[in-house]
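Engineer: need coordinates for the following:
(2 chains)
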Amino acid sequence: MKWDEFFVTGEPMIYAADVSIILVSLAIVIGLTYFKKWGYLWREWLTTVDHKRIGIMYIISALIMLFRGGVDALLMRTQLAVPDNKILDAQHYNEIFTTHGLIMILFMAMPFVIGMMNVVIPLQIGARDVAFPRLNAVSFWMFFFGAMLLNLSFVIGGSPDAGWSAYFPLASLEFSPTVGNNYYSLALQISGIGTLMTGVNFIVTILKMRAPGMKLMRMPMFTWSVLITNVIILFAFPVLTVALALMMFDRIFGSQFFTMANGGMDMLWANLFWVWGHPEVYIVILPAFGIFSDVISTFSKKNLYGYKSMVVSMVAISVLSFLVWAHHFYTMGQGAMVNGFFSITTMAIAVPTGVKIFNWLFTLQKGKISFTSPMLYAMGFIPIFTIGGVTGVMLAMASADYQYHNTMFLVAHFHYVLIPGTVFGVLAGMHYWFPKMFGFRLNERLAKWAFWLIIIGFNVAFMPLFFLGLNGMTRRMYTYSASTGFGPLNMIATIGAFVLAIGFVVLCYNFFHSFRHSPRNEGGDPWDARTLEWSTPSPVPVYNFAKLPNVKSQDAFWHAKKHNVPLYEEGPYEEIHMPSNSGQPFILGVIMFILGFSLVFSWFIPAIIAGVGVIIMLAVRSFERDHGYHISAKEIAATEQKLRGDTV
Amino acid sequence: MKKKRWLFSLIFISIVMLLSGCDSSLLVLNPKGPVAKTQSNTIIFSILMMALVLIVVYILYIYMLTKYRASKTSDDYEPPHMEGSKWLELIWTLIPIIIVAILSVVTVRTTNAVEKVPEGYESQKPLVIYAASSDWKWHFSYPEEGIETVNYVNIPTNRPVEFRLYSYGPITSFWIPQLGGQKYAMSDMITKLHFVADHEGSFMGKNSNFSGKGFAEMEFEALAQSPADFTKWVDDVKQTAPKLSEQEFKTLLDTPHIGRKSYSSTHLGFAPPPEGDMAGHHHGGSGSDSDKTSGEKPMDQMQDDMGNMDMSDHSSMEHGH
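Structural biologist: Prediction:
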């Protein structure tokens, strides 16, 4: 293999990326060495099994990926701003929209949501940790190195270019001979396995580790949404695992599952992909629904309206999410009967979703609404998401979908669902729980500026796409001629995209600003909130709860505050058992990365060596005698005294 | 908060204005045949239904946000504990169910309608046109007329046309928005589209499913002519255009971009479409005469063509040794 086949060459933008990657890496290495932070980084972060820190690492990775996916989006929008634009060529554009989709869904939305779960769930249910802390770290590092593997494709070997849905036979070796789609199959596989383990971990955590008295129907709505989400993960992700394995065999070992000849079935891939892919959109949106429920309830100073119907509707959505996948290919000639069935199941999802919208609206009724930054995102969500929802119903009608399918109308629809749903959801959650993670709040003034820029930019960027779609503009075209008349609306959309981007820049600037200027020592409960996580000090000590809370109602913390009843039992502290840190998950991630990278290039000897390495790592863990450690009662008393200023 | 309301009313007004003006501007809502007309009506009906939902949500939303803001209540106001209301929750479950039921009936009826020869045209014998995609062009074969075109298709008005779609490569989607919605063209089976053009004119047609590098240029002209003009055009092609040889067809498949071409014979004889014995597998037919036979593998002939095309289109099959 020649060097110029290995490294992506011939593109000034790629060379610039090469240089910036090298410079940033050098800066990190020099910085860590100069400030003598290698040890700190290893001991406190890379080897941590603390769910809060793992959550923070997820969120930081997600924000970096948001930046990368966002730059992709701006490049695409710039290319489409005017007809016959020459900034990107077809190949580059294809790679960019493919990685934009992959990164935003799998390496931004998913880790952001999982990061939120990690930070919040044990605190919300009054647990000291997740059920399997070490496995949690493995999940994170699998995701992280999967993401790194996909990002590496950008400069080494070439990115995947067959769309994020990678339809066959286009994604087969025949039509995509470069290694791009090998990266696709391996990067997604590695991080997907990590996600599957997260699913198991959080189901067990929520079912087995709730504080005394926290019955299922007393759980905060975010916990409910996460439980249901993880059940979906448990059913959906194995399908992805199998599909990606078959894809890898097709591309690397010459099997013929999805090829054009020799009995391969291209639509088999489409079916497998969407049997996972459709539930996936609910995996990223249900936790956001949970976040909105908690945020809306907190900032209207009211309990959630229709708690039971909220739970029932989420369960209904989770079941229906598995019954709608064929609406992604109404147009493959499956006949009016099948299309009719999937139309009805798809439209049925609007019913439980509508229930949730009305419950949120009635949570506001007779409330005392304060427009903090998390609440702004929740309130921005409702009207925009409703547009996304009703256009979803329109798309669900098969006969009409023959006209929308693969057009900008669809692109507009799913951005109208995913951005207000998932992105506003995790941003609301991030602003809301920020003091839990770091001990101070983000600056409200800057946060509101960011919000308004984002919401205005979003609508200007995506509303025109509905009309472009109805006017015949298909998605994934890298250019169009002036005679199509697509020009003006595309220009408006591009301007909107840049306003949206400025909003995100303000949001990021807010981190630095708040880090320097935000007041500290606001106590554990700066928002006057309702659920258990706010009864802990901020930042939260490693053991979460010095004594486990006693839950007597929904919104247990609110109940305790209002009725002046103690949340924790009286009595002295007892020592707490904690899991010890471990470098193994990180090392396992590195080995998986090497394994994936070797397979991408069909270097089988290093792949086999790395594969043996994985088995050795599993064996090491099996024979390990590490039972964790104990934090003494005295140490707990000292920590609590320092954080709360109280004595027991 | 003024800003937000202003923004949403602006969005809403712009939707209404754009919708009212769309008869002339948006292709999908400017149909030139009964199939597209059905779809356009379905879309407009669903927009009106959904506008009702939006209005209800927006009115409630604005009401709640203006009435119950903290700044409007006294400091000592304590919001009540409200569990929910069975009646209200039942209402906003049942009304959406009714709406979905209405839309379901409309969907099932219109989906059946657009999968068949349009009403009023059943008595006529449809004009069969095979439309095959290859990287990155469209081949149109008229088996009865014995002619073939590349990257343009002429059809007679007021006569049902049955497009039979398949592909010599990645999945593509055949779409002529003003005549009707799209359908996939795949390598291992035939899908069918029934169109009627009731206006003469030139319509934009394209592949709408991403199929690789040349995807954006994969457009064609669909020209609806009066039956007399159409017959004249067919005769003209038969007399003046060259025959399509197997060799020539292979060259066509191998060339990524090509302008319009006309031939006085078709490729169906030496490169049969994947139907009947040639079909990869059966997907349940929507057309009247769908093929019930199914074979495990596409025919050798097909494979030969594909093998040939692949070798020259992507001559480097190695992937990183």
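Engineer: which SSE is the closest residue to A:Met430 other than its chain neighbours in?
Structural biologist: Among residues not flanking A:Met430 along the chain, A:Ile59 sits closest, at 6.8 Å (Cβ to Cβ, 6 or more residues apart in numbering or on different chains). C-beta: built from backbone N, CA, C; applies to glycine. Assigned by DSSP states H and E, A:Ile59 belongs to helix A:51-80.
Engineer: what comes up buried for that helix?
Structural biologist: Of all the residues in helix A:51-80, those buried under the rule 16 or more other Cβ atoms under 10 Å in any protein chain shown are A:51-59, A:61-63, A:65-70, A:72-77, A:79-80.
Engineer: and for stretch A:282-290?
Structural biologist: A:Tyr282, A:Ile283, A:Val284, A:Ile285, A:Leu286, A:Pro287, A:Ala288, A:Phe289, A:Gly290.
Engineer: those into TSV, with extra columns for secondary structure and distance to chain B?
Structural biologist: Listed next are the buried residues of stretch A:282-290 as TSV, based on DSSP: H, G, I helix; E, B strand; the rest coil; distance: Cβ to the nearest Cβ, whole Å:
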residue	secondary structure	distance to chain B
A:Tyr282	helix	18
A:Ile283	helix	23
A:Val284	helix	23
A:Ile285	helix	18
A:Leu286	helix	19
A:Pro287	helix	22
A:Ala288	helix	18
A:Phe289	helix	16
A:Gly290	helix	17
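Engineer: now the closest residue to A:Phe438 other than its chain neighbours, what's its secondary structure?
Structural biologist: Closest residue in space to A:Phe438, ignoring its immediate chain neighbours: A:Pro539 at 6.3 Å, by Cβ to Cβ, 6+ apart. Under DSSP: H, G, I helix; E, B strand; the rest coil, the three-state class of A:Pro539 is coil.
Engineer: tell me the contacts of A:Pro539?
Structural biologist: A:Pro539 makes contacts with A:Lys52, A:Lys436, A:Met437, A:Phe438, A:Gly439, as judged by Cβ atoms under 8 Å, 6 or more residues apart in numbering or on different chains.
Engineer: again with A:Phe154
Structural biologist: Taking Cβ under 8 Å, 6+ apart as the criterion, A:Phe154 is in contact with A:Val8, A:Ile14, A:Ala17, A:Glu95, A:Thr99.
Engineer: in this structure the second one contacts A:Val155, no?
Structural biologist: Yes: A:Ile14 is in contact with A:Val155 according to Cβ atoms under 8 Å; the separation is 6.3 Å.
Engineer: just want to know which of the two has more residues nearby.
Structural biologist: A:Val155 (19 against 16; other Cβ atoms under 10 Å in any protein chain shown).
Engineer: correct me if wrong: the more buried one contacts A:Ala17.
Structural biologist: Yes: contact criterion Cβ under 8 Å: A:Val155 and A:Ala17 qualify, at 6.1 Å.
Engineer: can you pull out the strands in the chain?
Structural biologist: Because you didn't say which chain, this covers chain A. For chain A, the strands defined by DSSP state E cover A:576-578, A:629-631.
Engineer: try chain B instead
Structural biologist: With DSSP E as the criterion, chain B has strands spanning B:127-134, B:137-142, B:147-150, B:152-156, B:161-167, B:172-176, B:180-185, B:191-195, B:201-207, B:219-225, B:261-263.
Engineer: parallel or antiparallel, list what pairs with the first one.
Structural biologist: Going back to what we said before, that points to strand B:127-134. Using DSSP bridges, the strands paired with strand B:127-134 are strand B:137-142 (antiparallel), strand B:161-167 (parallel).
Engineer: same question, the shortest one
Structural biologist: For strand B:261-263, the pairing partners within the sheet under DSSP bridges are strand B:147-150 (antiparallel).
Engineer: what are the buried residues along the partner strand?
Structural biologist: So strand B:147-150, judged by 16+ other Cβ under 10 Å, has buried residues B:Ile147, B:Glu148, B:Thr149, B:Val150.
Engineer: do the same with stretch A:257-277
Structural biologist: Buried residues in stretch A:257-277, counted by 16+ other Cβ under 10 Å: A:257-261, A:264-267, A:269-277.
Engineer: what's the closest of the buried residues of stretch A:282-290 to A:Leu427?
Structural biologist: Lowest distance from A:Leu427 to the buried residues of stretch A:282-290 (Cβ to Cβ) belongs to A:Ala288, with 9.6 Å.
Engineer: wait, doesn't the closest one sit right on A:Ile419?
Structural biologist: No: here A:Ala288 does not reach A:Ile419: they are 10.6 Å apart, not a contact under Cβ under 8 Å.
Engineer: what's the burial count for the closest residue to chain B within chain A?
Structural biologist: Residue of chain A nearest chain B, by Cβ to the nearest Cβ: A:Tyr402 (2.2 Å). Counted with other Cβ under 10 Å, residues neighbouring A:Tyr402 total 28.
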